[in-house]
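Novice: Quick one: sequence and predicted model below, then my questions.
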Amino acid sequence: MAKNKTAFVCNDCGADFPRWQGQCGECKAWNTITEVRLGTAPKRTDNLAGYAGQTSAQVQVLNAIDLSDLPRFSAGFAEFDRVLGGGIVPGSAILIGGEPGAGKSTLLLQTMCTLAEQMNALYITGEESLQQVAMRAHRLELKTDKLKMLSETSVENICNIADREKPKIMVIDSIQVMHMADVQSAPGSVSQVRESAAYLTRFAKQNHVAMIIVGHVTKDGSLAGPKVLEHCIDCSIMLEGSTDSRFRTLRGHKNRFGAVNELGVFAMTGQGLKEVKNPSAIFLSRQEEQTSGTVVMVLWEGTRPLLVEVQSLVDYSALANPRRVAVGADHNRLSMLLAVLHRHGGLQMNDQDVFINIVGGVKVSETSVDLALLLAMVSSFRDKALPRDLVAFGEIGLSGEIRPVPSGQERINEAAKHGFRKAIVPMANKPKEPIEGMEIIGVNTLAQALEAIL
Ligand code: TYD
Ligand code: MG
């Protein structure tokens, strides 16, 4: 019998080391490395059959490979499918993360009840009792006559039962409560999570079961043992949304079968999660009276636009080091924009506190937000409101130039559809044909943009 192997794993980040050390080389945490005994691999080793000499594997030319081997099936929600890149791939392992209360169990219960109508589906709940899940399904008026349920937290038992039941899709809710007998630390620890996830994904691959694994995020917003999980799964998606907002967004972070920049939007209602088919304006709730320091911009999320409101407050500071606060946008970017504004816009904000906020809890990582941020800051600084029907987007370079952004035309079209009448955009994004009812101002430099509107 093979000797059980051990590894030294950091409990914080999941990095792996050949021997014990006081400080983790990856995350630099002290005293977090523990020795873990690695679980034994499942008995079946079909994928290693080739080593014996007689192999059935053959070399093929890339374009001769049959693509119909990858039939996807719908998850029952178009928004969920979109994030997965067109549906669930059989035999794939999908990790769905989110804060407790985000709605992961609700989303998966709804999905599984729909899927159970067409295929053998198994839902494993380790966190909630079977009665709790049944009550929820009843309240949400889901079809419950086909979905198989199991309340279990031992990974070995789960795999044995799944081997017998032969589901096509299974849900593990959640990986943090799963444990393996071989691993000595407590459920939820990095080594348990890592071994359980590896065992489950191996099972999924070998038995061609689509496996959806639920994972909770830790307090710093990352999945417990992120590095541990990410390499063994095919797709990692996050269900996000602040608890005070009813909207939940589903976003891909890794996807072996599609793009990762897609965004799926859901609304949490009394009847569970409902998809929002046309989410472009959900974050816009504009007041009647226009105040200084706010402007709307158009983001590009995957394949579709999203209108968001950017706000800024610039106010005299009594502090020696005035505050620079960015909520929903990058802090370094804010410092850079302030430097550009000083140098190329002639505006000095050294004695001002500067706050920026993207309304609705949206997080913006695109550079196309630059121009909108600057206009909002200048508008607040001068206490001069921007027109209500204005949208602005564009990237700002260090020499004060305004650079074009992808999908400019589509962004402008979307804004026009929602009743905006004026747009300040990079000159290269200005459409050749005029858009009816929309005044489009193309600008090349920051100075031109400020002159045009403020
Ligand atoms: P849940 O799916 O249990 O979250 P997770 O599994 O991600 O921890 O969702 C729980 C929250 O969703 C709970 O706080 C209440 C809310 N909710 C609704 O608002 N409406 C509903 O129909 C359901 C089922 C939940
Ligand atoms: Mg849950």
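Specialist: Cool, the structure landed. Ligands and ions are numbered 1, 2, ... in the order given.

Novice: Give the phi and psi angles for residue 263, as a check.
Specialist: Here is the backbone geometry of residue 263 (degrees, to the nearest 10): phi -120, psi 130.

Novice: Tell me the bridge partners for it.
Specialist: For residue 263, the beta-bridge partners are residue 251 (DSSP bridges).

Novice: so who does it touch?
Specialist: By C-beta atoms under 8 Å, 6 or more residues apart in numbering, the contact set of residue 263 is 83, 249-251, 279, 301-302, 304, 306. Using the backbone N, CA and C atoms, a C-beta is placed for each residue, glycine as well.

Novice: Select from these every entry located in helices.
Specialist: Of these, the ones assigned to helices by DSSP state H are residue 83.

Novice: Show me what counts as buried in stretch 384-396.
Specialist: Within stretch 384-396, the residues scored as buried using 16 or more other C-beta atoms under 10 Å are 385-386, 388-396.

Novice: and what of stretch 165-172?
Specialist: Of the residues in stretch 165-172, 167-172 count as buried by neighbour count, 16+ other C-beta under 10 Å.

Novice: tell me which residues of whichever strand or helix holds residue 159 are tucked away?
Specialist: Element membership for residue 159, per DSSP states H and E: helix 155-165. Buried residues in helix 155-165, counted by 16+ other C-beta under 10 Å: 155-156, 158-159, 161-162.

Novice: Quick one: those residues as CSV, columns for pLDDT and distance to residue 267 too.
Specialist: Formatted as CSV, those follow (pLDDT from 0 to 100; distance: C-beta to C-beta, whole Å):
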residue, pLDDT, distance to residue 267
155, 95, 34
156, 94, 39
158, 95, 32
159, 95, 36
161, 95, 35
162, 95, 33
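
Novice: If we only consider these, which is nearest to ligand 1?
Specialist: For the buried residues of helix 155-165, the minimum distance to ligand 1 (C-beta to the nearest ligand atom) is 18.3 Å, reached by residue 158.

Novice: what's the closest one in contact with, if anything?
Specialist: 124, 150, 152, 172, 178, 200 are the contacts of residue 158 under C-beta under 8 Å, 6+ apart.

Novice: ok, so of those, who is nearest ligand 1?
Specialist: Ranked by distance to ligand 1 (C-beta to the nearest ligand atom), the contacts of residue 158 are led by residue 172 at 12.4 Å.

Novice: wait, isn't that closest one in contact with residue 127?
Specialist: No - counting by C-beta atoms under 8 Å, residue 172 stays clear of residue 127, with 10.4 Å between them.

Novice: Tell me the span between the first and last residue of stretch 355-370.
Specialist: Stretch 355-370 has an end-to-end distance of 14 Å (C-alpha to C-alpha, to the nearest Å).

Novice: Contacts for it next, please.
Specialist: Residues outside stretch 355-370 that contact it (C-beta under 8 Å, 6+ apart): 241-242, 245, 247, 282-283, 285, 297-300, 306, 308-314, 323, 325-330, 333-334, 337, 373, 376-377, 393-396, 405.

Novice: Put the buried members of those into a ChimeraX selection.
Specialist: Remark: buried members of those, expressed as a ChimeraX selection using 16+ other C-beta under 10 Å:
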select :241,247,282,283,297,298,299,300,306,308,309,310,311,312,313,314,326,328,329,333,334,337,373,376,377,393,394,395,396,405
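
Novice: Among the contacts of stretch 355-370, which ones are in strands?
Specialist: 247, 297-300, 306, 308-314, 325-327, 395-396 (DSSP state E).

Novice: The residues you listed: which ones sit near ligand 1?
Specialist: When C-beta under 6 Å from any ligand atom is taken as the criterion, no member of those contacts ligand 1.

Novice: In contact with residue 353, which residues?
Specialist: By C-beta under 8 Å, 6+ apart, the residues touching residue 353 are 313-317, 319, 322-325.

Novice: Relative to residue 268, which of those residues is nearest.
Specialist: Within the contacts of residue 353, distances to residue 268 taken as C-beta to C-beta reach their minimum at residue 325, with 28.6 Å.

Novice: quick one: the closest residue to that closest one other than its chain neighbours from ligand 1, how far?
Specialist: In this structure, residue 325 finds its nearest non-sequential neighbour in residue 355, 4.7 Å apart by C-beta to C-beta, 6 or more residues apart in numbering. Noted for residue 355: a distance of 30 Å to ligand 1, by C-beta to the nearest ligand atom, to the nearest Å.

Novice: cool, residue 291 as well?
Specialist: Distance from residue 291 to ligand 1, by C-beta to the nearest ligand atom: 32 Å.

Novice: swap in residue 339?
Specialist: Distance, residue 339 to ligand 1, using C-beta to the nearest ligand atom: 41 Å.

Novice: Run through the neighbouring helices and strands of the strand or helix carrying that residue.
Specialist: Following DSSP H and E, one finds residue 339 within helix 331-345. Helix 331-345 sits against strand 324-327, strand 352-358, helix 370-381, helix 446-453, with contacts defined as 3 or more C-beta pairs under 8 Å, 6 or more residues apart in numbering; DSSP states H and E.

Novice: From the rest of the structure, what touches it?
Specialist: By C-beta under 8 Å, 6+ apart, helix 331-345 touches 324, 326, 347-350, 354, 356, 367, 370, 373-374, 377-378, 396-400, 445-447, 450.

Novice: and what of stretch 267-280?
Specialist: Outside stretch 267-280, the residues that touch it by C-beta under 8 Å, 6+ apart are 77-80, 103, 106-107, 109-110, 140-142, 241, 246-248, 263-266, 282, 304-307, 414, 418.

Novice: so how far is the helix holding residue 339 from its chain's centroid?
Specialist: Taking the mean of its C-alpha atoms, helix 331-345 sits 28 Å from the chain's own mean (C-alpha atoms, centre = their mean, to the nearest Å).

Novice: hmm, back to that, ligand 1: which of the contacts of residue 353 is nearest?
Specialist: Of all the contacts of residue 353, residue 325 has the smallest distance to ligand 1: 29.0 Å, by C-beta to the nearest ligand atom.

Novice: how about residue 146, what does it touch?
Specialist: Contact partners of residue 146, counting by C-beta under 8 Å, 6+ apart, are 113, 116-117, 121.

Novice: switch the cut-off to 6 Å
Specialist: Taking C-beta atoms under 6 Å, 6 or more residues apart in numbering as the contact definition, residue 146 lies against 116-117.
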